[in-house]
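Novice: Show me the folded form of this:
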Amino acid sequence: KTVLRFGTTILIFALIFMGHAQTFFPIPETYYSRKADSIRFLDSDAFTYVQGLGWLSPDINLPLLETQGKVYAPAELFSRLGLSIPKLLTVRTSSSEVERVVFELENIDPSVLAGLTSAGVVSGSLSLQLPFFLTPLELNLPNFLDLSSSPTGNTVVIESDASQYKLFSLENPQRIVIDLYKDSQAKPQTYPLPEVATLTTGVAYRRIIFPTAEQTSIVHILEIAPQQGSFKVVGRLQGGAKLSELASGAFAAINAGYFDPNSFNTIGYLKVDYGTLSLPSRNRAVAAFETNQVEMDRVTASLELYSGANLAYSHNLAETDVLSLHQTAGTWVGRPDVGVITVQNGLILENKTGPKQVPENGFALVYSPRIRELALLNAFEPLRYSVRIDPQAFGSSPYAIEAGPLLLKNGQVVYQPELEHFKLGTRILDAVTQQSVIATTYSGTTLFIVAETMTAADLIPLLQSLGTKDAMRLDSGSSSSLWANNMLLNRTSERRITSAIVYVPNLTQSQEP
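Specialist: Numbers count the residues shown, from 1 in each chain. Next up is the predicted model:
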């Protein structure tokens with residue numbers, strides 16, 4: 001209780017002094033200690049902050065901010081303390097023939113920086129180890145890049161269509177640069193099918209060239225007639241799988257939902273043969289399948305947690321706070337900066353920071369430390385959950401997958417990424433890359449579509465020209481893959497993904513092209 005009360009005081013103190021923009025960095029715990037209502041830096045009275053009194057030194061007039069169990073301060077306080085700790089100032093990106101990511105730094109040991117060089121092959125995602133540096137509390141990262149910190153170093157993960165990378169450093173100013181090189185070999189020089197082909201009863205392929213805002217794009221389209229078969233969603237969370245592997249036993253498939261490239265845990269709603277693997281999030285678009293029917297809409301969910309008969313916590317999953325439910329036994333979930341509650345047979349096993357494994361006959365709940373109601377739950381207490389999904393039909397369908405944004409609904413353009421908590425102006429939507437889409441027409445035909453060089457907005461006139469009724473964007477970029485009749489139709493290589501939409505023809509029809 002003392003720490004929480006003290007943190008609130010620091011937060012108020014910080015807000016008073018934040019009339020001008022300041023960048024806050026975490027102060028490593030080795031440089032301060034807590035005692036009662038005070039924080040003492042470098043074991044010095046001069047650098048001690050006391051609740052209700054402020055700094056013991058009248059010369060210090062700098063804010064502190066405490067959140068998620070860490071103390072943050074502006075760079076000036078580090079200078080006053082005489083701490084030359086490496087810091088990340090910003091991350092910049094640029095794109096031309098070579099895509100470049102630049103980390104601007106200060107106080108890095110020149111010898112460490114000088115030895116930082118590597119190059120190699122990219123396969124879907126690129127994970128690189130960087131030296132230790134402090135990352136700002138408010139750090140704007142591009143949507144294709146993830147940065148995680150630890151006391152021994154930092155890890156950067158980049159999603160890219162590139163085939164090769166080069167990492168190097170610059171001394172003045174201090175920078176780490178990652179160049180990503182694209183390789184045309186990812187796209188076939190000749191396609192395995194002619195421009196128009198009938199693959200089996202009710203399944204036809206078309207390849208067209210469609211104009212975009214900048215140029216033109218090759219577009220691959222599978223047209224699947226109604227009443228000829230059924231659709232399913234398949235998933236592989238642990239380690240992922242290639243689309244051709246996920247499509248085993250099916251006739252056609254397209255990549256589906258978003259996922260974490262480090263853990264291969266799915267992001268958002270995923271419902272497959274053996275149950276719900278993860279819940280809806282962020283009000284995003286979902287495609288649901290029942291028999292041969294396909295429905296698409298934005299979906300929200302609320303999660304209610306009960307400790308015995310008492311409601312412990314209720315949460316609207318459209319909100320952006322960290323809270324996710326995981327039910328696949330053996331899957332590793334969570335990170336060191338978030339809490340993980342593991343539950344088996346209705347009782348809490350432990351409530352600690354991640355990562356943790358989902359237990360057999362149970363589930364795991366990953367949550368932000370800001371959710372105090374969950375942080376206070378103890379081992380051996382009962383815990384169960386209830387989920388409400390809206391629209392209700394998306395909860396009862398046997399198969400569902402979340403991606404987005406939703407593009408068309410009942411023939412009307414409904415492309416509003418901000419409603420689904422996508423950041424505007426980011427590469428995931430606005431870069432020219434491969435785009436995957438599932439769509440339906442007024443006649444009931446389902447379309448699997450992959451466009452090779454489009455932005456998300458470029459998809460709208462394409463879909464309108466195809467007479468689309470409902471349509472939503474799937475995970476795209478290097479994940480975009482279209483597969484049918486044992487052939488990869490849009491590229492020569494595959495990356496591992498976690499989910500796919502597959503089509504299985506009725507048993508009575510021929511599968512010969």
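Novice: Can you list the residue ranges for strands in the stretch 151-300 of the chain?
Specialist: Counting by DSSP state E, counting those that start in this stretch, the segments of the stretch 151-300 of the chain that form strands are 153-159, 164-170, 175-181, 196-200, 203-211, 216-224, 229-235, 252-255, 270-272, 275-278, 285-290, 293-298, 300-307.
Novice: For Lys356, give me its contacts.
Specialist: 332-334, 340, 342, 350, 364 (Cβ atoms under 8 Å, 6 or more residues apart in numbering). Using the backbone N, CA and C atoms, a C-beta is placed for each residue, glycine as well.
Novice: How about Leu462?
Specialist: Contacts for Leu462 were tallied using Cβ under 8 Å, 6+ apart; they are 210, 219, 449, 451, 454.
Novice: measure it to Val437 for me?
Specialist: 8 Å (Cβ to Cβ, to the nearest Å).
Novice: Show me the common contact partners of the two, please.
Specialist: Common neighbours of Leu462 and Val437 (Cβ under 8 Å, 6+ apart) are 449, 451.
Novice: For Glu55, grab the count of nearby residues.
Specialist: You called it Glu, but residue 55 is Trp. For Trp55, the count of nearby residues is 17 (other Cβ atoms under 10 Å).
Novice: Contact partners for it?
Specialist: Residues near Trp55 by Cβ under 8 Å, 6+ apart: 47-49, 61-62.
Novice: Return the set of residues that bridge with it.
Specialist: Note on Trp55: beta-bridge partners by DSSP bridges are Tyr49.
Novice: Now do it, the pLDDT please.
Specialist: Looking at Trp55, its pLDDT reads 89.
Novice: and the contacts of Lys356, which are buried?
Specialist: Taking 16 or more other Cβ atoms under 10 Å as the criterion, what is buried in those is 332-334, 340, 342, 364.
Novice: Grab the two from those residues that are most spread out in space.
Specialist: Trp332 and Thr342 (11.3 Å; Cβ to Cβ).
Novice: shared neighbours of the two, which are they?
Specialist: Residues touching both Trp332 and Thr342 by Cβ under 8 Å, 6+ apart: 356-357.
Novice: Tell me the spacing between Gln344 and Val333.
Specialist: Gln344 sits 14 Å away from Val333, going by Cβ to Cβ.
Novice: er, Glu104 actually
Specialist: From Glu104 across to Val333, the span is 33 Å (Cβ to Cβ).
Novice: where in the stretch 151-300 of the chain is pLDDT low?
Specialist: In the predicted model, the stretch 151-300 of the chain carries pLDDT under 70 at residues 183-187.
Novice: returning to what we had before: most tightly surrounded among the strands of the stretch 151-300 of the chain?
Specialist: Of all those, strand 252-255 carries the top mean neighbour count, a mean of 27, counting by mean count of other Cβ atoms under 10 Å.
Novice: Run me through the strand neighbours of it, direction for each.
Specialist: In the sheet, strand 252-255 lines up against strand 482-484 (antiparallel), strand 499-505 (antiparallel) (DSSP bridges).
Novice: What's opposite Leu305 in the beta bridge?
Specialist: As for beta bridges, Leu305 partners with Tyr313, Tyr385 under DSSP bridges.
Novice: My guess is it contacts Val387. True?
Specialist: No. Leu305 is beyond contact range of Val387, at 10.3 Å (criterion: Cβ atoms under 8 Å).
Novice: just the helices in the stretch 251-400 of the chain please.
Specialist: Ranges of helices within the stretch 251-400 of the chain are 372-375, 393-396, based on DSSP state H, counting those that start in this stretch.
Novice: Check which helices and strands the last one sits against.
Specialist: Pointing back at helix 393-396 there. If you count contacts as 3 or more Cβ pairs under 8 Å, 6 or more residues apart in numbering; DSSP states H and E, helix 393-396 packs onto strand 285-290, strand 293-298, strand 384-390.
Novice: Just the C-alphas of the longest one, formatted as CSV.
Specialist: The C-alpha coordinates for strand 384-390 follow below in CSV (Å, rounded to 0.1, in the frame of the first residue of the first chain):
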residue,chain,number,x,y,z
ARG,A,384,-13.3,-19.0,-13.5
TYR,A,385,-14.3,-16.9,-16.4
SER,A,386,-17.3,-16.1,-18.6
VAL,A,387,-17.1,-14.5,-22.1
ARG,A,388,-19.7,-12.5,-23.9
ILE,A,389,-19.2,-11.9,-27.7
ASP,A,390,-21.1,-9.3,-29.7
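Novice: could you check the angle strand 285-290 makes with that strand?
Specialist: Angle between the axes of strand 384-390 and strand 285-290 is 100 degrees (criterion: axes from the mean of the first three to the mean of the last three Cα atoms, to 10 degrees).
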